[in-house]
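J.: Kindly return the folded structure for what I paste below:
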Amino acid sequence: MSQFLLQSLTIGIAGTLAMDLWALALHRATGQSLPNWGLVGRWFAHVPRGRLFHGDITRTPPVRNERAIGWAAHYAVGIVYAAALVLLAGPEWTAKPTFLPAFAMGMATIAAGWFLLAPGMGAGWAASKTPNPAKSRLLNIAAHTAFALGLWAGALALA
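T.: Model (predicted):
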């Protein structure tokens, strides 16, 4: 069990960190806005209060420590996805990691963003209510590809 926890934590943190480094590099190279983890934290904080969907999360009352909640949730979700990858891919994969299972997990995780988080925050299904949905979707795919590369790198570091 402790090996599973170590693998999940290491692989999940590596994947999430890779996603964050990608966002930072994209921001520095192109001026693309960084993710607003405070708004994500606001969304997460309202879920236990029974509010999953918001017309516009920016118009929902702020919550105390929402930025910290958002960052913590971001990394916690990455760790949960890594745990799912470790369970699904099995000990053979963690002993000798290949990219394909990590990439499949990275692409699968886009669904939560497109069909839960985005509509929950008022951005519509698959970011359909954003000013440029195609750009938003491509950025999501790129970010989750970075996440997949980080998952793989974290697994390689442990192998």
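
J.: quick one, helices of the chain?
T.: Using DSSP state H, the helices found in the chain span residues 2-30, 37-46, 66-95, 99-108, 110-112, 118-121, 133-158.

J.: Next, report how far the third one is displaced from the centre of its chain.
T.: Right, helix 66-95. Relative to its chain's centre, helix 66-95 lies at 9 Å (Cα atoms, centre = their mean, to the nearest Å).

J.: Remind me what it packs against, helices and strands.
T.: Under the contact definition 3 or more Cβ pairs under 8 Å, 6 or more residues apart in numbering; DSSP states H and E, helix 66-95 sits against helix 2-30, helix 37-46, helix 99-108, helix 133-158. Every C-beta, even on glycine, is put in place using the N, C-alpha and C of the backbone.

J.: let's go with 6 Å and repeat that
T.: When contacts are defined as 3 or more Cβ pairs under 6 Å, 6 or more residues apart in numbering; DSSP states H and E, helix 66-95 packs onto helix 2-30, helix 37-46, helix 99-108.

J.: CSV for the helices of the chain, including distance to T58 and mean neighbour count?
T.: What follows is the helices of the chain, written out as CSV (distance: least, Cβ to Cβ, whole Å; neighbours: other Cβ atoms under 10 Å):
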stretch, distance to T58, mean neighbour count
helix 2-30, 19, 17
helix 37-46, 7, 21
helix 66-95, 12, 17
helix 99-108, 28, 18
helix 110-112, 21, 13
helix 118-121, 9, 21
helix 133-158, 16, 19
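
J.: Can you add mean pLDDT and distance to T60 and give those back as TSV?
T.: Shown next, in TSV, are these (pLDDT from 0 to 100; distance: least, Cβ to Cβ, whole Å):
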stretch	mean pLDDT	distance to T60
helix 2-30	98	23
helix 37-46	98	6
helix 66-95	98	10
helix 99-108	98	28
helix 110-112	97	20
helix 118-121	98	9
helix 133-158	98	20
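
J.: Any chance of JSON lines for those, columns distance to F53?
T.: JSON lines is the format used below for the helices of the chain (distance: least, Cβ to Cβ, whole Å):
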{"stretch": "helix 2-30", "distance to F53": "25"}
{"stretch": "helix 37-46", "distance to F53": "10"}
{"stretch": "helix 66-95", "distance to F53": "17"}
{"stretch": "helix 99-108", "distance to F53": "22"}
{"stretch": "helix 110-112", "distance to F53": "15"}
{"stretch": "helix 118-121", "distance to F53": "5"}
{"stretch": "helix 133-158", "distance to F53": "18"}
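
J.: If anything else comes up later, I'll come back, but that's it for now.
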